[in-house]
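Undergrad: Need a 3D model of the sequence below.
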Amino acid sequence: MFRIIAIEREYGCGGGAIAQKLARRLGWKLWDQSLTEEIANMANVDCSAVERLGEKLDSRFYRLAKIFWRGSHERSIPIDDDRFFDADCLVSMMEKIAAKIATEGRAVVVGRGGPYFLREREDTFRVFLYAPREEKIRRLLREGESRTSAEELADNVDRERIAFCKHYFSSDWPVRSLYHMMINTAVGDDQVMTAIVETMRRLDEEHAHLNTPGLRGVL
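TA: Below you'll find the model as predicted:
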């Protein structure tokens with residue numbers, strides 16, 4: 001049975017908002033802003049010494065760490081560069097948090113490499129959300145971005161995610177075989193949620209049917 005939904009998304013496609021609605025609909029915990037807070041807490045305790053490593057970082061991956069740190073809140077969370085930790089530390093902490101999420105279950109995880117960290121778990125339903133460029137720009141404009149800013153974000157943020165996944169997971173972004181579903185959010189948030197929930201339900205039913213005593217080895 002699926003206990004976790006791990007959502008990866010193109011920037012601006014509405015993935016964060018859809019995940020929030022989905023978690024509310026299921027009554028599950030949303031790990032989006034919560035991930036940011038958990039990472040911040042861990043950084044203060046476990047990664048204080050990493051501040052000294054900042055000067056040794058490739059500036060490119062310093063920026064990549066910031067992109068993944070902020071997740072769906074790239075433009076809304078101020079980060080003090082003098083106290084920021086590096087991408088290696090971020091990935092290490094996310095791996096620990098993923099293990100915690102897996103233990104608790106009943107969770108909707110947004111980005112931060114969640115589908116990669118949880119890829120071996122049969123109880124994790126992995127989804128990739130995307131949208132045409134104009135749809136992403138439309139959503140960003142609705143969130144208050146200027147046209148210039150919306151276009152810049154839609155065109156550039158995902159390029160950094162591609163580089164991040166290539167570096168840390170030796171994988172393409174997105175790698176299609178990783179996901180149970182890939183959905184165009186231009187169809188509408190409610191339609192996306194319904195597709196996810198319905199597909200999960202059907203896969204759970206099929207799994208239960210195949211594991212019913214007396215049916216094993218028959219099909």
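Undergrad: Pull the distance from stretch 33-44 to the chain's centre.
TA: Mean C-alpha position of stretch 33-44 versus that of the full chain (CA atoms, centre = their mean, to the nearest Å) differs by 15 Å.
Undergrad: tell me the mean pLDDT for it?
TA: If you average the pLDDT over stretch 33-44, you get 71.
Undergrad: any idea of the mean pLDDT in the strand or helix carrying Leu90?
TA: Assigned by DSSP states H and E, Leu90 belongs to helix 87-104. Averaged over helix 87-104, pLDDT sits at 84.
Undergrad: What separation is there between the spatially most central residue of the chain and Glu134?
TA: When CA atoms, centre = their mean is applied to the chain, the residue found nearest the centroid is Gly111 (1.2 Å). Gly111 is 22 Å from Glu134, where distance means CB to CB, to the nearest Å. No exception for glycine: its C-beta is placed from N, CA and C like everyone else's.
Undergrad: Just give the number of residues close to the nearest residue to Phe117 once chain neighbours are set aside.
TA: Of all residues not flanking Phe117 in the chain, Ala98 sits nearest, at 3.8 Å (CB to CB, 6 or more residues apart in numbering). Applying other CB atoms under 10 Å, we find 23 other residues in the vicinity of Ala98.
Undergrad: on that earlier part again, thought the residue nearest to the centre of the chain was touching Tyr11?
TA: No: at 9.5 Å, Gly111 does not count as touching Tyr11 under the criterion of CB atoms under 8 Å.
Undergrad: Residues touching the helix or strand that comes right after the helix holding Leu90, excluding its own?
TA: Proceeding N to C from helix 87-104, the next assigned helix or strand is strand 107-110, under DSSP H and E. Here strand 107-110 makes contact (CB atoms under 8 Å, 6 or more residues apart in numbering) with 3-7, 9, 15-16, 19, 22-23, 26, 28-32, 35, 71-72, 98, 101, 118.
Undergrad: do the same with stretch 170-182
TA: 8, 115-116, 119, 125-130, 158, 161-162, 164-166, 195-196, 199, 203.
Undergrad: now with 6 Å?
TA: Stretch 170-182 is contacted by residues Pro115, Arg119, Phe125, Arg126, Val127, Phe128, Arg161, Ile162, Cys165, Thr199 when judged by CB atoms under 6 Å, 6 or more residues apart in numbering.
Undergrad: again with stretch 196-211
TA: Looking at what lies outside stretch 196-211 - CB under 6 Å, 6+ apart - the contacts are Met1, Phe2, Phe125, Val127, Met181.
Undergrad: same thing but 10 Å
TA: The contact list for stretch 196-211 (CB atoms under 10 Å, 6 or more residues apart in numbering) reads 1-2, 5, 7, 18-19, 22, 25-26, 108, 122-123, 125, 127, 129, 180-181, 183, 215-216, 218-219.
Undergrad: Point out where the protein drops to low pLDDT.
TA: 40, 43-87, 209-219 (pLDDT under 70).
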